[in-house]
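Participant: Below is the sequence, then the predicted model.
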Amino acid sequence: MTLARTRRIADIALLSFGLLIIWEAVSIAFGMRVLPAPVQTATRLVALLAKPGFLRDLRATGEAYAIALGLAMGGGVGLGLMFGSSRVLGETFEPWLHVLVAIPKVTLYPIILLLFGLGDAAKIAFGVLHGLPTVAIMTAGGVRSLRPIYGKAARAMRLKRWSYVRRILLPAVMPEIVAALRICFALALLGVLVGEMFASTRGLGHLLMASIGVDDMPTVMAVILLLFLFAGTGSSVLLAVVHRLKG
Amino acid sequence: MAQTAYTPRRTHAYSVVALLACIALLEAVCHAGWVRPTTLVAPSAMLKAMIVALREPATLADFGLTLGEVVTATALASLLGILTGLFLHATPRLRRAFEPFIASYYALPLFALYPVFVVVLGVGARPIIATGVMYATMSVVVATLTGLDRVPHVFHKVARVHRLNPFKAAWRVLIPACAPEILGGIALSVGYAFVAVIASEFLLASHGVGHAIVDAYNTFQTERMYGLVLALALLVVLINGGLRRFRGRVAEGGP
Amino acid sequence: MQAVLSLRGISRVFLAAAREPVWALQGVDLDINAGEFFAIIGPSGCGKSTLMDIVAGLLAPSEGEVIFEGKRVSGTVPDGVGVVFQEDASFPWLSVYENVAFGLKETGLDRAEIDARVRYALEFMGLADFARHHPPQLSGGMRQRVCIARTLVLRPRLILLDEPFAALDQQTRLLMGEELLRLWRETGATVVLITHALDEAAMLADRVGVMSARPGRFIEVVATGWPRARDSTVVADPRFGEVTARLWSLLRLESLRAMGRDFNNPTPA
C-alpha cells in the first residue's frame, strides 16, 4: 500500500473518530436519556443481537428486503433490457418510469397500502417501487449505449434470442447493472424500512416506532446504528466494485 | 453510440397514448365494479375529489403549511450546504477524508432519524424541517464543491491580489463564480426536501398535506384520499419540472 | 537609484508525491529600480510565472527573499502591487464597469471618487463605450484591457504582468504594448513584464532580464537605453536590432537546453 493510501485511510479513521466525539458531545448536550451516546448505543446493539425478539424483527426486515431487492433488480433489469432493445416499447413506457422517478414515491404510499393491505406485501411493494424504475432506466441506458457490433456479431453467429441475452447482452451491460444495484441496494432498503415504520407489526422499522412510543431511546439508536452500518458498508463495497468494473 | 435515437415528439405521442389507454382501462374497470371502491376509485372520481378538496380552505392551508416547511428546509439546507461546501473546499485533506461519507450519504436510510428529531426537537414543524434539511443539504454541498472545483484558478489569485480575506473572497468572487452550479444543487435539493417533509407528515404530524392524506386514509374517505394524492403528485411534478427547466437554463446561460 | 524591488537568492522547489522534486528556480538575484520598465524573457518552463507569483506574494520561495519598498514580502500580496495574469481573469457576472470598480469597493472611498476613477480608467483603456457590457460579450483583447483597467484603478506602484498579451494576435499585441507604455508613463509605476516575445521585450523595456532554462536564474540583463517617451516605432532604430540579436543569442541556447532537457533530471546543475 502506498503512503498516500495509508494516509487516506488514517484520515478517514481519524474523521470517523471525530464524528463519534461529536456524537458524544451532542449526547451530553441534550442529555443521555434523550440521545444516547455512542458507547451506550453500541452496548445496547450487542445486547439486542442476543435477544430472540430482536432477531425475529431483524429476520422479518431482512427477508422483506431480500425479496424487494431481488424483485426490483430482476424486474428492473428485465424491463430495462426490453425497453433498451425495443424502440417501440422503450419510447412508449420509459417516460412513465422517468415520471415515476421524478414523483416522490412517498406520495404513492397510501395507494400502495390500499392495494396491498397492511403487512409484508406492502413493505415489499414499497421497496420495489423505490428501486425498480431506476434500475430499469439505467439498464435500458446501458443497452442503448451498446456498440451495434455486438448485435451484428450475434446475428452473424445466428445466436438464438435467449443465448444472445445471456452470453452477450447481459455481460456487456454488467457495469450499468452493478451501478444500478448500488443505488437499488439503498433505495429498496429505504422503501422497506419506511414501509415498516408506517404500517407494520414486525421488522426493524416497526421496532423503531414502537421504541419511540415507550421512550426506549437506546434501542432506537441501536437500530439506527445497525441500519447505517449495513447501508454504509454495502454502499462502499458496491462503489468499489463499480470502480473496479469501470476500470 | 446509441442504437436508437429518441425523437421527442414520437416519444411523447406513444406514451401519452399509452397513458390515456391505461386511464381509460382503469375507468372502465372501476365502473364495472371489478374493484372495491374502498381500494381503487375511477380516475374521473379522483379528479373530482381533487377539485372538491382544493376548494376547501382547510386543504389550502395544509398545502400552504407543507410548502412553507419545504421552503424553510430548502433555505436552511442551502445556507448550510454552501457554507459546508466552502469549508470543505478550503481544507482539501478534510474533504478527501469526507469523500466516502459523501458518496454513501444518500444510501443511508436517513429517514430513520426522524423519530429521533421528534424526541429531541419536540413535535410540530421543527423535526419535519430538520429531516428536510438533513436530506436536502448534501446535494447543495456536492454542487458547491463541484462548482468551486471549476472556478478558474486565476480567480483565486485575483482575490488575493486584491487582498480580500477568505470570507470576502468567498462572497465576492468564489460564490458568484459558481452560482449556476450552486443554484442547480439547490433546485435538486427541493425535491429531496419535499420527499422528507411529506414522509414525515405521514408519520407523525397533525397538519400539512401528508397528515390530510393519512387522515383521509384512516377515516376510509378513499375518494378524498386519492384526490389529495393526485393534487400533491401534480404539484410536485410541476415544481420539479419547472426547476429542471430552470437548471437547464442556468447551466447553459449563466446569470 | 534606489532599488524598489530586490530578489535575493530566490529558489523554489516543487515536491510531487512519487517523483523527484522539481527545482523551478535556483538562486535568482535581481534588483529593479523605481519607475523602471523591466521585462523578463526565458525559454518555456523556466519558471517565469513561478517567479512572478513569488514576487507578488502569491507563493512563498523555498529559499531567499523578496524585498519590496524596503519590506520583506511574505504570505500576503503587499499594498501597492497590481498583477495582470495570462489567463482571462475578468469576472463574467459583473459588467465592465463593475469589474473595474471591483477593487475600489474595499478601499472605503466614496462613490463619487470611485466613479471618477473608474471612468478615467475606462477612458484610458478605450472601454468607455462598453461600460455596461459583460466580459463574455467582448473579445479577448478587450477582456485583458478590462483586467488592466481593474489593476490601474488602484494606482499600484508596482505592476506585474505575466504574458498578458499571449492570447492576442500580433497587431493587437503591438498596440496593447503601446498602451502599456502610456500606462507606465502616466502612472509612474514600476513595471515588470513577463513575455516570451523577444521583440516585445526589446521594444517596451528599459532593461530585459534573460532567464536560463530550468532551474531558472538570470544569466544576463540587457539594457536597451530607450528614452522614456517611446512607442512601437523604436523597432526602426538600429539599436533595436542589436538588442534583439543579443537577446536571441542568449535565449536560443537556453531554449535548446530546455527542449533537450531530460524531464526526469530537474535537479540543479
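Facilitator: Perfect, thanks for sending it.

Participant: Assign a three-state SS to B:Met225, would you?
Facilitator: helix (DSSP: H, G, I helix; E, B strand; the rest coil).

Participant: so what pLDDT did it get?
Facilitator: At B:Met225, the model reports a pLDDT of 91.

Participant: same thing with the one 3 residues further on?
Facilitator: Looking at B:Leu228, its pLDDT reads 92.

Participant: Quick check: it touching B:Val209?
Facilitator: Yes - with contacts counted by CB atoms under 8 Å, B:Leu228 reaches B:Val209, the gap being 6.7 Å. Quick note: C-beta positions are derived from backbone N, CA and C, even for glycine.

Participant: Looking at those two, which one has more neighbours?
Facilitator: Neighbour tally, B:Leu228 and B:Val209, criterion other CB atoms under 10 Å in any protein chain shown: the higher count belongs to B:Leu228, 29 against 26.

Participant: Leaving out sequence neighbours, find the closest residue to that one.
Facilitator: Once flanking residues are discounted, B:Leu228 sits nearest to B:Ile213: 4.9 Å by CB to CB, 6 or more residues apart in numbering or on different chains.

Participant: element containing the one you found, please.
Facilitator: If you go by DSSP states H and E, B:Ile213 is part of helix B:208-218.

Participant: elements contacting that helix?
Facilitator: helix A:109-116, helix B:57-90, helix B:179-204, helix B:222-253 (3 or more CB pairs under 8 Å, 6 or more residues apart in numbering or on different chains; DSSP states H and E).

Participant: Buried residues, that helix. List them.
Facilitator: For helix B:208-218, the neighbour count (16 or more other CB atoms under 10 Å in any protein chain shown) marks B:Gly208, B:Val209, B:Gly210, B:His211, B:Ala212, B:Ile213, B:Val214, B:Ala216, B:Tyr217 as buried.

Participant: So the last one sits against B:Met225, correct?
Facilitator: Yes - look at B:Tyr217 against B:Met225 with CB under 8 Å: they come within range, at 5.2 Å.

Participant: one step back: what angle separates the helix holding B:Ile213 from helix B:222-253?
Facilitator: 150 degrees (axes from the mean of the first three to the mean of the last three CA atoms, to 10 degrees).

Participant: Just the residues contacting helix B:208-218, thanks.
Facilitator: For helix B:208-218, contacts defined as CB atoms under 8 Å, 6 or more residues apart in numbering or on different chains pick out A:110, A:113-114, B:58-59, B:62-63, B:65-66, B:69, B:128, B:197-203, B:205, B:222, B:224-225, B:228-229, B:231-232.

Participant: quick check, distance from that helix to the centre of its chain.
Facilitator: 20 Å (CA atoms, centre = their mean, to the nearest Å).

Participant: Now it: average pLDDT?
Facilitator: 89.

Participant: can you give me the angle that helix makes with helix B:179-204?
Facilitator: Going by the same axes, to 10 degrees, helix B:208-218 makes 30 degrees with helix B:179-204.

Participant: which residues does B:Leu230 contact?
Facilitator: Per CB under 8 Å, 6+ apart, neighbours of B:Leu230: B:Met46, B:Leu47, B:Ala49, B:Met50.

Participant: Would you mind confirming that the third one makes contact with B:Tyr226?
Facilitator: Yes - using CB under 8 Å, B:Ala49 and B:Tyr226 qualify as a contacting pair, with a distance of 6.1 Å.

Participant: list residues touching both of those two?
Facilitator: Common neighbours of B:Ala49 and B:Tyr226, counting by CB under 8 Å, 6+ apart, are B:Val41.

Participant: So what does the closest residue to chain A within the stretch 51-200 of chain C have for phi and psi?
Facilitator: Of all residues in the stretch 51-200 of chain C, the one sitting closest to chain A is C:Ser62 (21.7 Å; CB to the nearest CB). With angles defined as degrees, to the nearest 10, C:Ser62 sits at phi -70, psi -30.

Participant: That one - how many residues pack around it?
Facilitator: Neighbours of C:Ser62 using other CB under 10 Å come to 17.

Participant: Where do the helices of the chain begin and end?
Facilitator: Went with chain A since none was named. A:3-30, A:38-48, A:52-85, A:87-102, A:109-116, A:120-144, A:148-156, A:161-164, A:170-199, A:204-213, A:217-246 (DSSP state H).

Participant: Oops, wrong one, chain C.
Facilitator: Using DSSP H, the helices of chain C run over C:48-56, C:96-101, C:111-124, C:140-152, C:170-187, C:198-204, C:238-260.

Participant: so which of the helices of chain A comes closest to B:Ala179?
Facilitator: For B:Ala179, the closest of these is helix A:87-102, at 24.8 Å, according to CB to CB.

Participant: Any residue of the closest one touching chain B?
Facilitator: Yes - Helix A:87-102 reaches chain B (CB under 8 Å from any CB of the partner chain) through A:Arg87, A:Val88, A:Gly90, A:Glu91, A:Thr92, A:Phe93, A:Glu94, A:Pro95, A:Trp96, A:Val99, A:Ala102.

Participant: you'd agree the third one is up against A:Leu81?
Facilitator: If I follow you right, that is A:Gly90. No - between A:Gly90 and A:Leu81 there is no contact under CB under 8 Å: 10.5 Å.

Participant: Of these two, which one has the most company?
Facilitator: Ranked by neighbour count (other CB under 10 Å), A:Gly90 and A:Leu81 place A:Gly90 first, with 24 against 20.

Participant: mind checking how far the residue nearest to B:Leu228 is from chain C?
Facilitator: With distances taken as CB to the nearest CB, to the nearest Å, B:Ile213 is found 43 Å from chain C.

Participant: In chain A, where is pLDDT below threshold?
Facilitator: The model of chain A has pLDDT under 70 over residues A:1, A:247.
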